[in-house]
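*Asks:* any chance you can model this:
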Amino acid sequence: MYTLAVLVRALSLCCLVLLPGCIEPYMPEAISSTQSYLVVNGFINSQGSTSINLSRTYDIAAKTPPPIETGATLALEEEGGTRYPLRESTIKGTYTSANLALNSGKQYHLLIRTADGKEYASDYVPVKTTPAIDNINWQASEADLAIYVNTHDDTNTTQYYRWQYEETWESRPVLAPNIEYLNGEIQPLRTFYPLVCWQSDKSTPILVSNTVALQQDVVSQFLLRSFPNTTNRLRHKYSILVRQHALTREEYQYWALLKKNTENIGTLFDPLPAQLTGNVHCLNDESALALGYVSAHSVQEKRLFISRNELPNWWPLQSGYEDCVPPDTVENFPPDLAQRFSSRLFLPVNTVFDPKNGLISGYTYTVLDCIDCRKRGTDVRPSFWQ
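*Replies:* As a prediction, the model looks like this:
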């Protein structure tokens, strides 16, 4: 999936630079094909619940999300031993197992049977034990903030690492209405709008590192995330949950190549995309390709909080609501505004009074997104929030 997208970008760029008179970009048959291949995303969790997401590749010109693969049958299988089923969860296309404690001395693989009868299997892989995260720390400079992770393995057997993270931060609207439009007239506010919500995001960069060239299996100050000193994520309170994965050499090579294919293409002088080969294969149809690498390992987690009062007080941190201030103002009450208020296309914020006579001269108004932080997140306080 990633390789196709990168190749199209490279070909389109070549067309634009080398052929100024080109009107229609050349699309190779393999790229313009509507053939849909299975995408397997996830790993076998040796100490907990395994979660596998199945989707399909899609046309690069498509404007819809990638199609999910529902109705499949999945199982983890121990080499020469037990099978453990995965059930499709309430999130369609996501399949989960019970909490398992797998034998670190055995090898495991994933079996998939799709609704159309195609059978897939990943290669058998050994179980790796992920060492604990030593710490997560941050450093603030004049212009930005950087978050780092540190870890080590005294046995010198891990050597290959990958990280993912989930971010959560407080979001507080800068506009608080005291009036609303109800039953055809402006009235005192009775509708509830939360004062604080929580927004969340998951990591998208591929974060991998190795210690092969080092005398000790130590990862020191690996950069996970950085922010400019204006980011709204740090305006109130921010948290990051880091997950650490131990990889085999083969899986590390897979992620490193995927990283190169997806992040380093952009100019004529970048390396051309390489063929990305995972470890999932179709057993009953050679033409049915599958993308993904399924490994088996445990996971280590650690969470970090950063509060505004820990950061330089002169940082110009933004609220995320800069486009909302100041709200629009209208004099009197034109009929079209009442229609917009009724449809909730716009919402009144405050009454404007004429300073000369103290009478109502108009209203300020804005869109719902500027008032209700639930449009950007949730007002349900996370269980881990401090």
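
*Asks:* count of residues packed around Arg243?
*Replies:* 16 (other CB atoms under 10 Å). Bear in mind the C-beta positions are built from the backbone N, C-alpha and C, glycine included.

*Asks:* that one: which element?
*Replies:* Using DSSP states H and E, Arg243 maps to strand 237-246.

*Asks:* list the neighbouring strands of that strand plus their orientation.
*Replies:* Strand 237-246 has its sheet partners listed here by DSSP bridges as strand 160-171 (antiparallel), strand 299-307 (antiparallel).

*Asks:* let me see the mean pLDDT of it.
*Replies:* The average pLDDT within strand 237-246 is 98.

*Asks:* next, count neighbours for Gly358.
*Replies:* 8.

*Asks:* next: Ile186.
*Replies:* 15.

*Asks:* what's the burial count for the residue nearest to it when sequence neighbours are not counted?
*Replies:* Distance criterion CB to CB, 6 or more residues apart in numbering; nearest residue to Ile186, sequence neighbours excluded, is Ile179 at 5.4 Å. Counted by other CB under 10 Å, the residues lying close to Ile179 total 18.

*Asks:* could you do Ser226 as well?
*Replies:* Other residues close to Ser226 by other CB under 10 Å number 15.

*Asks:* so what's it up against?
*Replies:* By CB atoms under 8 Å, 6 or more residues apart in numbering, the contact set of Ser226 is Asp144, Leu145, Ala146, Ile147.

*Asks:* look up how far Lys202 lies from it.
*Replies:* Note on Ser226: its distance to Lys202, by CB to CB, to the nearest Å, is 17 Å.

*Asks:* so where's the stretch 251-386 of the chain uncertain?
*Replies:* Counting by pLDDT under 70, the stretch 251-386 of the chain shows low-confidence ranges at 264-275.

*Asks:* repeat that for 80
*Replies:* Applying pLDDT under 80 to the stretch 251-386 of the chain flags residues 264-277.

*Asks:* residue boundaries of the strands in it?
*Replies:* 280-282, 290-291, 296-297, 299-307, 328-331, 347-353, 360-366 (DSSP state E, counting those that start in this stretch).

*Asks:* save the contacts of Ser226 as a markdown table, and put in secondary structure too.
*Replies:* Formatted as a markdown table, the contacts of Ser226 follow (DSSP: H, G, I helix; E, B strand; the rest coil):
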| residue | secondary structure |
| --- | --- |
| Asp144 | strand |
| Leu145 | strand |
| Ala146 | strand |
| Ile147 | strand |
